[in-house]
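Asker: Model the following, please.
(3 chains)
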Amino acid sequence: MAAPGPVHEALAALPLVDHHCHGAVTADLSAGEFESLITEGEAWPGVSAFDSPAGVAVRRHCAPLLDLPRHAPPAEYVARRAELGWQEVNRRFLTAAGAEVFCLDTGYAPHPVTSPAHLAAAAGATACEVVRLEQIAESVAERGVEAGEYAAVFRAAAEEAVRRPGVVAVKSVAAYRTGFALAPGRPTDAEVTRAARRWQARGGRLTDPVLVRHLLWTAVDLGLPLQLHTGFGDADLRLHRADPALLTDWLHRTAGTVPVLLLHCWPYHRQAAYLSAVFEQVYLDVGLALHYTGPARCRAVLEEALEITPFRKLLYSSDAYGVAEFHHLGALCFRQGLADLLQDRVDADELSLADALRIAAWTGRDNARRLYGPPVSEPAREPCGRPARKV
Amino acid sequence: MAAPGPVHEALAALPLVDHHCHGAVTADLSAGEFESLITEGEAWPGVSAFDSPAGVAVRRHCAPLLDLPRHAPPAEYVARRAELGWQEVNRRFLTAAGAEVFCLDTGYAPHPVTSPAHLAAAAGATACEVVRLEQIAESVAERGVEAGEYAAVFRAAAEEAVRRPGVVAVKSVAAYRTGFALAPGRPTDAEVTRAARRWQARGGRLTDPVLVRHLLWTAVDLGLPLQLHTGFGDADLRLHRADPALLTDWLHRTAGTVPVLLLHCWPYHRQAAYLSAVFEQVYLDVGLALHYTGPARCRAVLEEALEITPFRKLLYSSDAYGVAEFHHLGALCFRQGLADLLQDRVDADELSLADALRIAAWTGRDNARRLYGPPVSEPAREPCGRPARKV
Amino acid sequence: MAAPGPVHEALAALPLVDHHCHGAVTADLSAGEFESLITEGEAWPGVSAFDSPAGVAVRRHCAPLLDLPRHAPPAEYVARRAELGWQEVNRRFLTAAGAEVFCLDTGYAPHPVTSPAHLAAAAGATACEVVRLEQIAESVAERGVEAGEYAAVFRAAAEEAVRRPGVVAVKSVAAYRTGFALAPGRPTDAEVTRAARRWQARGGRLTDPVLVRHLLWTAVDLGLPLQLHTGFGDADLRLHRADPALLTDWLHRTAGTVPVLLLHCWPYHRQAAYLSAVFEQVYLDVGLALHYTGPARCRAVLEEALEITPFRKLLYSSDAYGVAEFHHLGALCFRQGLADLLQDRVDADELSLADALRIAAWTGRDNARRLYGPPVSEPAREPCGRPARKV
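Answerer: A predicted model of the protein is given here:
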């Protein structure tokens, strides 16, 4: 580990923009419920989710915020958490994260979770919204629509959703539904109608490749930055189909339109870095991997992600969902990992201190501000600003 | 490298379970024969297999056990080895490995190698057997069988094989034969019959995709833990088709049945880690890579493998074949790499010492015991115990 | 970073063979032109190419050679560069590289660049030539040829090209044109004729899979070492199709013919290492990644590339194109990264000093000499020697 230096101080003081996360649960959690929220797997009999890098990180770095000793036993941790109550727990971790803005994907909430406004209030920060397009499409389908009208109705619903105050981006989970080995072109109206008819007959989630392609092209039309889940996630994935390199043909066709933010990326963060280095519109983060790998490895992941990535192209996200511990841990891991790697380079005279401080501020906050626009001045009161500029 | 500490001491004293390895050659070896056994390639004119990370590790860490100085020249090494004779060489390295149990894949033996009983005797340990299913299938085909009877005869032969005392698991080398980009479902009887007929006509090894799928589903029926070669191996592979992520659909369909142990995995160990984090039945090791990358890199490989892997999911194997040096080097690399990474985390207060010791014991021994059952009390006398529980 | 030791001294003094690079621009460059040459992307409005790992490395390690302070601001850097003039800039960086031989791919030159002879003169070194086969094929097509004559005319043109004095190897950019997921066999004459006819009708670059396969097999017939671009490059790639593991079937069929040099490889350098470990004819380098990742990460990339690679199989290349800074940075990164990793192993007594020095000399120079033949005695006067032996 690097000896702490001025880069550590600067990153400790920097208000982050967490450009992709989710709400925190608004309920007290049993031990089993808590464990099921700190794994991308499930709670398995005889195997505690605490026995993982994320579990170790929670006991080390979150226990002290609940007034417990470092490395507190799991049972004490969950008992103390319940004792404090979810509001206090959320408040402690969300404020500790030290973010000025949280951009919340509001389209995934199998548990009752904080709305953007509630999370903002608990954190003393601003919250923006990211609209998940698959949820819009599935709502349209659930309400019932003529196959021939699907494209227009979905588009209108998406346009309406992104007009909501505070919406700064859209998101797709195409990685989960079909993966990225899709034909890159925009499907024709006739193809979309036929696919919508198939979907009507079959029901369920949006998994049709034609409709997933149509969704991605509709995102381009909306004009907002597009966040794409890539890489690591839960068992619903086929990981190899979530390699962002598979998007290359589509990125060529959509060059000059909307910014594309490759979320998370691990273990394909080098592939994402390549895309960010050769496509003007491509950005990346290593969220999710930060708290799941924990402080012991997030420097290594950041080092790999930054090998060739232009410094304007890396953003910070936690991808925290459910437990506010992860909003805190993501920020902590990002700050510590990035500070260690930059400070070491400064100490070895491979990087000037001024450059290191600039890179820290860019990746932790300014690259996101540049893409999504600055937050409004009064935290937790007003919606986020609209993007200041199209990139 | 980490300063040696209590984790190093604990791992040095821990009797390992080497949950996947092979026999050691029962013959004295010429220089050329020895070199051909310390590479996954072949002996090439003008290129010594000693000029590799594994060769350097042999000269550094194995030479002293043959009473030679560290970094002894190759010619001296092979001469001294011949002088001592294969029995003494095997005895020295196998006991130095410090394993309480070796699980031997007995289905690959192009050279005369130790049986489980002989290896156990030489090591002063217990040896269990892992049944390679492709060998069973190919024996059935060689003996001659009606295509319509193939499925039943293969299954009966496999059931008989796993009833042998000391058998704790089955193994498939599907990675070598077809790779994992297979249809995930169980083939129908008619499909199997047609495929068996094709195989009869063609002869040779089992490479038919339908029959490989059938073999994997037969493994599920057998009820024992299933070891799958993944990643790195010899030139017979198509490495990209041995990426374990390609197994995802099949893992969904076989959830709740047998434990699946992803062997070796490098360079797809992060993909394997993902699977172990989201599928209850999935486990992994980084055998083979340990002695081939050598002590200089096995910490790095273990760090990557452990980034998100639950601590109940990593096992130790050497995958040693042929030269007992590799049974020793695998153990040495595992102990040193794991101790370095855990001790560093303890020293940085990222992990408690108690947790580090628990993780060391789990990954080196207890996770394997949990899956395969405890060894019997008298080393080298009795077969291994049956699995204590279905996981 | 390792404490400097005898391995650092040895590598600092070693005349390298840069077995794959391109010419340096023979014109003074505006700030925009310079920036566009230090990225694999393009010059993007509002995003300076200096804000990248390569840009940081240029300011740190190249500025002093232009009499500027370390970490000089970009504007000062490009102003000083223009002030000195391209001849002086090229001379300084090319001599600083400390190479005895540069092997130049002369088939890619969208800018006016140094010929091998000019580069050799500026560097005080020898320059050899690598013939890019796609350029030969496209010249043949541009001149016009009967489809049925294409194979013979292309072959004759390639044979003529490799007879030029100083040609030591051929190269293919199949990775860019089709990727490596090609049928492995040699196409028939009829297939080639049909494909040539399609190409005549369509025009443009050589992208037909049959003709790319034919080109690779023609390379085999030529008998010279074959360099293959793999992995990282510009936006023209589909990165996942440039994974060298996809070449496995073709490597089996061409075993025993020409040496195959996998260029660059990142992020598939572990896959390339596997191929080099199991195929006698396969070699690799991590050029391009050296200067693009910069000194902060090239040790890490080299560590991964060397995990299982036989020490006879790694070569040095810069893959520098356009700016002579990259001929220098590649050499600097290679020397520093390799010396750090080898010296650390010597200091930890994992490697003898004699072995470390041998590995340094092999990878930096002798492996290339062995493949391409020794340079002639008078630098910059005479063409390179022919390969001393077929490997």
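
Asker: low-scoring pLDDT stretches of the stretch 51-200 of chain A, where are they?
Answerer: The model of the stretch 51-200 of chain A has no residue with pLDDT under 70.

Asker: Around chain C, which positions in the stretch 101-250 of chain A sit nearby?
Answerer: Contact residues, the stretch 101-250 of chain A versus chain C (Cβ under 8 Å from any Cβ of the partner chain): A:243, A:245-246, A:248-249. C-betas here are computed from N, CA, C, even on glycine.

Asker: Separate out the buried members of these.
Answerer: A:243, A:245-246, A:248 (16 or more other Cβ atoms under 10 Å in any protein chain shown).

Asker: Can you tell me which of those lies closest to residue B:175?
Answerer: Nearest to residue B:175 out of these is residue A:243 (Cβ to Cβ; 19.5 Å).

Asker: Report the contact partners of the closest one.
Answerer: Residue A:243 sits next to A:180, A:230-231, A:268, A:271, C:240 when contact means Cβ atoms under 8 Å, 6 or more residues apart in numbering or on different chains.

Asker: Next, count neighbours for residue A:32.
Answerer: 11 (other Cβ atoms under 10 Å in any protein chain shown).

Asker: oh, I was asking about residue A:353
Answerer: With other Cβ under 10 Å as criterion, residue A:353 counts 17.

Asker: mind checking pLDDT for it?
Answerer: Looking at residue A:353, its pLDDT is 98.

Asker: Tell me who's in contact with it.
Answerer: Counted by Cβ under 8 Å, 6+ apart, residue A:353 has contacts A:6-7, A:346.

Asker: hmm, 7 Å instead?
Answerer: A:6, A:346 (Cβ atoms under 7 Å, 6 or more residues apart in numbering or on different chains).

Asker: Let me know the secondary structure of the residue of the stretch 101-250 of chain A found nearest chain C.
Answerer: Relative to chain C, the nearest point of the stretch 101-250 of chain A is residue A:245 (4.3 Å; Cβ to the nearest Cβ). Secondary structure, DSSP: H, G, I helix; E, B strand; the rest coil: residue A:245 is helix.

Asker: Just want to check the distance between it and residue A:185.
Answerer: 18 Å (Cβ to Cβ, to the nearest Å).

Asker: sorry, back to before: next up, the contacts around the residue of the stretch 101-250 of chain A closest to chain C.
Answerer: Contacts of residue A:245 (Cβ under 7 Å, 6+ apart): A:268, A:271, A:275, C:239-240.

Asker: and with 6 Å instead?
Answerer: A:271, C:239-240 (Cβ atoms under 6 Å, 6 or more residues apart in numbering or on different chains).

Asker: And residue A:227, by the same measure?
Answerer: A:20, A:169, A:171, A:261, A:263.

Asker: which of those residues are the two that sit furthest away from each other?
Answerer: A:169 and A:263 (10.6 Å).

Asker: For those two, work out which one has more neighbours and name it.
Answerer: residue A:263 (28 against 25).

Asker: how about the more buried one, secondary structure?
Answerer: strand.

Asker: Need the pLDDT of it.
Answerer: Taking residue A:263 on its own, its pLDDT is 98.

Asker: re the thing from before, make TSV out of the residues of the stretch 101-250 of chain A next to chain C and add distance to residue A:311.
Answerer: Formatted as TSV, those follow (distance: Cβ to Cβ, whole Å):
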residue	distance to residue A:311
A:243	24
A:245	22
A:246	26
A:248	23
A:249	27
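
Asker: Kindly present these as JSON lines, with separate columns for pLDDT.
Answerer: Output for those, formatted as JSON lines (pLDDT from 0 to 100):
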{"residue": "A:243", "pLDDT": "98"}
{"residue": "A:245", "pLDDT": "98"}
{"residue": "A:246", "pLDDT": "98"}
{"residue": "A:248", "pLDDT": "98"}
{"residue": "A:249", "pLDDT": "98"}
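
Asker: Tell me the residues of chain A that contact chain B?
Answerer: Within chain A, the residues that sit near chain B (Cβ under 6 Å from any Cβ of the partner chain) are A:1, A:40-41, A:44, A:47, A:51-52, A:56, A:60, A:71, A:234-235, A:238-240, A:267, A:292-293, A:295-297.

Asker: For the host helix or strand of residue A:341, which helices and strands make contact with it?
Answerer: In the assignment (DSSP states H and E), residue A:341 maps to helix A:324-347. If you count contacts as 3 or more Cβ pairs under 6 Å, 6 or more residues apart in numbering or on different chains; DSSP states H and E, helix A:324-347 packs onto helix A:6-13, helix A:86-96, helix A:289-293, helix A:295-305, helix A:353-361.

Asker: List the buried residues in the last one.
Answerer: The one in question is helix A:353-361. Buried residues in helix A:353-361 (16+ other Cβ under 10 Å): A:353, A:355-357, A:359-360.

Asker: Make CSV out of these and add distance to residue B:135.
Answerer: Formatted as CSV, those follow (distance: Cβ to Cβ, whole Å):
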residue, distance to residue B:135
A:353, 63
A:355, 60
A:356, 58
A:357, 62
A:359, 56
A:360, 57
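
Asker: And the residue of the stretch 251-391 of chain A closest to chain B?
Answerer: residue A:267 (3.8 Å).

Asker: How are the helices of the stretch 51-200 of chain A distributed by residue range?
Answerer: For the stretch 51-200 of chain A, the helices defined by DSSP state H, counting those that start in this stretch cover A:53-57, A:74-84, A:86-96, A:116-123, A:133-143, A:150-162, A:174-177, A:189-202.

Asker: Residue B:84 is nearest to which of the ones you listed?
Answerer: helix A:53-57 (43.8 Å).

Asker: Contacts for that closest one, please.
Answerer: Here helix A:53-57 has contacts from A:38, A:49, A:291-294, A:329, B:351, using Cβ under 6 Å, 6+ apart.

Asker: Enumerate every residue touching the residue of the stretch 1-150 of chain A found nearest chain B.
Answerer: With Cβ to the nearest Cβ, the shortest gap between the stretch 1-150 of chain A and chain B falls at residue A:71, namely 4.0 Å. Residue A:71 makes contact with A:59-60, B:352, according to Cβ under 6 Å, 6+ apart.

Asker: Please list the residues outside the helix holding residue A:341 that contact it.
Answerer: Under the contact criterion Cβ under 6 Å, 6+ apart, helix A:324-347 has outside partners A:1-2, A:5, A:7-8, A:11, A:16, A:24, A:57-58, A:61-62, A:90, A:93-94, A:96-98, A:290-291, A:295, A:298-299, A:302-303, A:316, A:318, A:320, A:351, A:353, A:356, C:296.

Asker: Now, of these, which are buried?
Answerer: When the contacts of helix A:324-347 are checked for burial by 16+ other Cβ under 10 Å, the buried set is A:2, A:5, A:7-8, A:11, A:16, A:24, A:57-58, A:61-62, A:90, A:93-94, A:96-98, A:290-291, A:295, A:298-299, A:302-303, A:316, A:318, A:320, A:351, A:353, A:356, C:296.

Asker: who's in contact with residue A:255?
Answerer: Contacts of residue A:255 by Cβ under 6 Å, 6+ apart: none found.

Asker: let me fix that: residue A:119
Answerer: Counted by Cβ under 6 Å, 6+ apart, residue A:119 has contacts A:23, A:102, A:127.

Asker: ditto for residue A:134
Answerer: By Cβ under 6 Å, 6+ apart, the neighbours of residue A:134 are A:173, A:206.

Asker: One more pass at 10 Å, please.
Answerer: When contacts are counted by Cβ atoms under 10 Å, 6 or more residues apart in numbering or on different chains, residue A:134 touches A:107-108, A:171-174, A:176-177, A:205-207, A:211-212, A:215.

Asker: Which PyMOL command selects the buried ones in those?
Answerer: The buried residues among the contacts of residue A:134 can be selected in PyMOL (16+ other Cβ under 10 Å) with this line:
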select buried, chain A and resi 107+171+172+173+174+176+177+206+211+212+215
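
Asker: what stretches of the stretch 251-391 of chain A score poorly on pLDDT?
Answerer: Answering for the stretch 251-391 of chain A: the residues below the bar, that is pLDDT under 70, span A:374-391.

Asker: One more pass at 90, please.
Answerer: Along the stretch 251-391 of chain A, segments meeting pLDDT under 90 span A:373-391.
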